[in-house]
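Colleague: coordinates only, sequence not included:
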C-alpha cells in the first residue's frame with residue numbers, strides 16, 4: 001500500500017459511507033423526531049470527514065503539495081462533494097431532493113473541523 005492510501009483510507013471509507021447513506025431511500029432511514037436532526041447529521045458527517053482528511057494528509061509524504069493550505073483544500077473538496085451528493089439525491093433518488101441548506105451545513109462541518117484541526121494538529 002502506498003504512503004497516501006496508508007494514511008487516507010479512513011477518509012475514503014468515510015466518504016463512501018456518506019455517499020451510501022445519502023443515496024439510500026429516505027423511507028429506509030429511521031424516523032428520528034429531534035428538531036434539526038438532519039442538519040446535525042450533515043454537520044457531523046462532514047466534520048468527521050474533514051478531520052480524517054486533515055490527519056491523513058498531514059501524515060502522508062507522497063504528495064507534499066497536500067501539506068500546503070491543506071485546510072482550505074479540504075474545505076473546498078468537502079463543499080464540492082457535499083454539493084455533488086445533493087445533486088445526486090435530487091436526480092437519482094425517488095424520495096429525496098436537493099437541499100442547498102444541507103450542502104451549506106456540510107461545508108460548515110468541514111470548516112469547523114479544519115479550524116479545530118489546524119489548532120490541534122499543526
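Modeller: Ah, there it is. Keep in mind the model is a prediction, meaning the values are calculated, not measured.
Colleague: OK, contacts around the spatially most central residue of the chain?
Modeller: For the chain, the residue nearest the mean C-alpha position is residue 46 (3.3 Å; CA atoms, centre = their mean). The neighbours of residue 46, taking CB atoms under 8 Å, 6 or more residues apart in numbering as the test, are 18, 78, 82, 105, 106, 107, 108, 109, 110, 113. For glycine as for every other residue, the C-beta is placed from the backbone atoms N, C-alpha and C.
Colleague: contacting residues for the last one?
Modeller: What it means is residue 113. Counted by CB under 8 Å, 6+ apart, residue 113 has contacts 46, 47, 48, 49, 50, 51, 54.
Colleague: which residues in this structure form helices?
Modeller: Secondary structure of the chain (DSSP state H): helices at 3-23, 37-59, 70-92, 100-120.
Colleague: Of those, which stretch is the most buried?
Modeller: Comparing those by mean neighbour count (mean count of other CB atoms under 10 Å), helix 37-59 ranks first with a mean of 20.
Colleague: one step back: possible to save the contacts of residue 113 as CSV with pLDDT and distance to residue 90?
Modeller: Putting the contacts of residue 113 into CSV (pLDDT from 0 to 100; distance: CB to CB, whole Å) gives the following:
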residue, pLDDT, distance to residue 90
46, 98, 18
47, 98, 23
48, 98, 24
49, 98, 21
50, 98, 24
51, 97, 28
54, 96, 29
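Colleague: Residue 53 is in contact with residue 77, correct?
Modeller: Yes: between residue 77 and residue 53 a contact is recorded at 7.3 Å, counting by CB atoms under 8 Å.
Colleague: Show me what the helix or strand of the chain with the lowest mean pLDDT is packed against.
Modeller: One helix or strand of the chain scores below all others by mean pLDDT, DSSP states H and E: helix 3-23, with a mean of 93. In terms of contacts (3 or more CB pairs under 8 Å, 6 or more residues apart in numbering; DSSP states H and E), helix 3-23 is packed against helix 37-59, helix 70-92.
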